[in-house]
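[1] missing the sequence, but the structure's below:
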Ligand SMILES: Nc1ncnc2c1ncn2[C@@H]1O[C@H](COP(=O)(O)OP(=O)(O)OP(=O)(O)O)[C@@H](O)[C@H]1O
């Protein structure tokens, strides 16, 4: 180290041109002062270097980890813009996994990429210096190093890429099992299959851990390998000079020292480049998966206003989930504004499918829907959906208060919430026994009974005072008396309200103007 050399031998101040020039430039008169100043400058330099390094790592982390913010936002938007058809066929566990785990893994890839580029830059500078000192030896080293890199790529990197694929596969199983178990907890408890699920989970975690262990141990290999390579290079250089000059290598000590110093700096850089490259390989599935998600063509429906003053008309509507198996096969139907329509049919006949088409969640595969005289298509479907209050068979509630679940927003009109809760025969329950409309209902409304959930869903559908109310088996969980009372309220909403009710109980449909039966993919009016 130059500082130690000059501190142990002041003559070097005069002998070495670089010390000499600096000595004269700053006007020193005593070598001791010069060496002290040199030492203090070195301390300053190392402090500054640490600060710059810290800043560099901070900026690197801010850039790459900050990307998670935009990746997560984009992914979440993609999920929200997914068509309903695609949503129900996608694995929810997979969606969560991509958003949570792969989003984070993607940031690892980004930081590794940046890190790799900066290290390549440092390596290029050191390389240029080495070429300038002795290009022949440098080229020889290059060939030797390249051969070793090929070995590392073919062995370690190849295996790490495999481990990355395994990681993704086992992580997928991991999320699937957790999602499946937590979503079916009651059944699992009853069927006493907890141990079986535990075994599956154990296997997934075990494989996931093994892939991580493999990656962690493999990524250390290049360092050990490169250390050995560095050692071989230094000895080989000395051997080269010994062989070519057939004398001791004192005369070549400066060149050898430069190479030792360069390798000392180069090898950790190479190791870091390999580390970053392997990290990219290990997490590469994250890039592929996020790329796939980003390529997904979102539902991009327009919001042109639809006026509903006269009727909804279905003309020759066909729909199938599986090609060749038509669920609806040329349905014709006219619903005039203000009519109350009942839909019946055997289980699996296609009632919910018909309703999902009517509310604009599914598009007919063949045939058309007209609202008054305007065709329902991509240009106006969003505006149509907003006119509808829908109560599904399977009610999904959010963790939050009653009011938030009714309004589906944090900001709500408390009076209106109370009004619709009263219509759904639920207000008294919350008013007298709990904290009114601010009662927390638990995750997916776990604190409510099946009937209370349905009534909450009815209140939710009524909240925005929709033109059309669609009830898909919406009162099936209620006792006869409560169902009768609620249906009275619903029928009394006014002659302007168009109501479509799917029900198994005929009593629910008593006040309907018309009742239709879905059978063999067609719609038949009941007399
Ligand atoms: N996402 C789907 N993918 C494939 N087939 C489906 C899908 N959803 C429904 N089906 C099938 O379409 C047919 C009609 O289903 P639909 O839910 O409309 O019946 P439904 O009359 O409402 O039944 P239920 O009275 O039991 O609720 C059924 O045979 C069902 O298996």
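    Good, I have the coordinates. Being a predicted model, the structure only gives us computed values, none of them experimental. Numbering: from 1, shown residues only.
[2] Which positions in stretch 357-373 come out as buried?
    Neighbour counts using 16 or more other C-beta atoms under 10 Å place 357-364, 367, 369, 371 of stretch 357-373 among the buried residues. For every residue, glycine as well, the C-beta is placed using N, CA and C.
[3] quick one: it near the ligand?
    No: using C-beta under 6 Å from any ligand atom, stretch 357-373 never reaches the ligand; the gap is at least 9.5 Å.
[4] Name the residues that touch that stretch?
    Around stretch 357-373, the neighbours that count as contacts under C-beta atoms under 8 Å, 6 or more residues apart in numbering are 84-85, 306-320, 328, 330-331, 353, 356, 375-376, 380-381, 384-385, 388, 390, 470, 500.
[5] Recalculate using a threshold of 6 Å.
    Outside stretch 357-373, the residues within contact range by C-beta atoms under 6 Å, 6 or more residues apart in numbering are 84, 306-310, 312-319, 356, 375-376, 381, 384-385, 388, 390, 470.
[6] Out of the buried residues of stretch 357-373, which sit inside strands?
    Taking DSSP state E as the definition of strands, the buried residues of stretch 357-373 contribute 367, 369, 371.
[7] Name the residues of the chain found near the ligand, please.
    Remark: the part of the chain in contact with the ligand comprises 88, 321, 327, 345, 347-353, 393, using C-beta under 6 Å from any ligand atom.
[8] Pipe those into TSV and attach neighbour count, secondary structure and pLDDT per row.
    Written out in TSV, the entries for the residues of the chain next to the ligand read as follows (neighbours: other C-beta atoms under 10 Å; DSSP: H, G, I helix; E, B strand; the rest coil; pLDDT from 0 to 100):
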residue	neighbour count	secondary structure	pLDDT
88	13	helix	87
321	13	strand	92
327	22	strand	93
345	19	strand	89
347	6	coil	88
348	10	coil	89
349	19	coil	91
350	25	coil	92
351	24	helix	92
352	19	helix	92
353	20	helix	94
393	16	coil	82
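[9] Farthest-apart pair in these, please.
    88 and 345 (20.7 Å; C-beta to C-beta).
[10] returning to that earlier point: in JSON lines, list the buried residues of stretch 357-373 along with pLDDT.
    Below are the buried residues of stretch 357-373 laid out as JSON lines (pLDDT from 0 to 100):
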{"residue": "357", "pLDDT": "94"}
{"residue": "358", "pLDDT": "94"}
{"residue": "359", "pLDDT": "92"}
{"residue": "360", "pLDDT": "91"}
{"residue": "361", "pLDDT": "91"}
{"residue": "362", "pLDDT": "92"}
{"residue": "363", "pLDDT": "92"}
{"residue": "364", "pLDDT": "93"}
{"residue": "367", "pLDDT": "93"}
{"residue": "369", "pLDDT": "95"}
{"residue": "371", "pLDDT": "93"}
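[11] Turn those into CSV, columns for distance to residue 150.
    Below are the buried residues of stretch 357-373 laid out as CSV (distance: C-beta to C-beta, whole Å):
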residue, distance to residue 150
357, 59
358, 63
359, 61
360, 58
361, 55
362, 55
363, 54
364, 58
367, 62
369, 63
371, 66
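[12] Of those residues, just say which sits nearest to residue 432.
    The shortest separation between residue 432 and any of the buried residues of stretch 357-373 is 34.7 Å, and it belongs to residue 359 (by C-beta to C-beta).
[13] Nearest residue to that closest one in space, please, no chain neighbours.
    The shortest distance from residue 359 to any non-neighbouring residue, by C-beta to C-beta, 6 or more residues apart in numbering, is to residue 388 (5.0 Å).
[14] from what I can see that neighbour touches residue 467, true?
    No: the pair residue 388 and residue 467 fails to qualify as a contact (C-beta atoms under 6 Å) at a distance of 7.6 Å.
[15] now the strands for the chain?
    Counting by DSSP E, one finds strands in the chain at the ranges 311-322, 325-336, 340-345, 366-371, 374-375, 388-391, 468-472, 498-502, 514-519, 522-526.
[16] Now render these as JSON lines, adding distance to residue 139.
    Listed next are the strands of the chain as JSON lines, based on distance: least, C-beta to C-beta, whole Å:
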{"stretch": "strand 311-322", "distance to residue 139": "64"}
{"stretch": "strand 325-336", "distance to residue 139": "69"}
{"stretch": "strand 340-345", "distance to residue 139": "81"}
{"stretch": "strand 366-371", "distance to residue 139": "70"}
{"stretch": "strand 374-375", "distance to residue 139": "72"}
{"stretch": "strand 388-391", "distance to residue 139": "73"}
{"stretch": "strand 468-472", "distance to residue 139": "76"}
{"stretch": "strand 498-502", "distance to residue 139": "80"}
{"stretch": "strand 514-519", "distance to residue 139": "80"}
{"stretch": "strand 522-526", "distance to residue 139": "81"}
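[17] and residue 141, what does it touch?
    Shown in contact with residue 141 (C-beta under 6 Å, 6+ apart): residue 233.
[18] How is the protein divided into domains?
    Under the assignment named as automatic domain parsing, the residue ranges that make up the domains of the chain are 1-69, 81-295, 311-526.
[19] now the ones in strands among the buried residues of stretch 357-373 in a markdown table, with distance to residue 142?
    Putting these into a markdown table (distance: C-beta to C-beta, whole Å) gives the following:
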| residue | distance to residue 142 |
| --- | --- |
| 367 | 70 |
| 369 | 70 |
| 371 | 72 |
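[20] Where does pLDDT dip in the stretch 301-450 of the chain?
    433-434 (pLDDT under 70).
[21] ok, the nearest residue to residue 122 once chain neighbours are set aside - how many residues close by?
    When the adjacent residues along the chain are set aside, residue 122 lies closest to residue 269, with 5.5 Å between them (C-beta to C-beta, 6+ apart). The burial count assigned to residue 269 is 17, neighbours taken as other C-beta atoms under 10 Å.
[22] Distance of residue 269 relative to residue 400?
    In this structure, residue 269 and residue 400 are separated by 52 Å, where distance is defined by C-beta to C-beta, to the nearest Å.
[23] One more: residue 450?
    Using C-beta to C-beta, one gets 19 Å for the distance from residue 450 to residue 400.
[24] ditto for residue 302
    Residue 302 sits 31 Å away from residue 400, taking C-beta to C-beta as the criterion.
[25] same thing with residue 521?
    Distance, residue 521 to residue 400, by C-beta to C-beta: 40 Å.
[26] ok, these two, which is more surrounded?
    When residue 521 is set against residue 400 and neighbours are counted by other C-beta under 10 Å, the residue ahead is residue 521, at 20 against 16.
[27] which residues does the more buried one contact?
    326, 328-329 are the contacts of residue 521 under C-beta under 6 Å, 6+ apart.
[28] any idea how far the closest residue to residue 248 other than its chain neighbours lies from the ligand?
    Leaving aside its chain neighbours, residue 248 sits nearest to residue 242 (7.7 Å; criterion: C-beta to C-beta, 6+ apart). To the ligand, residue 242 is 78 Å away according to C-beta to the nearest ligand atom, to the nearest Å.
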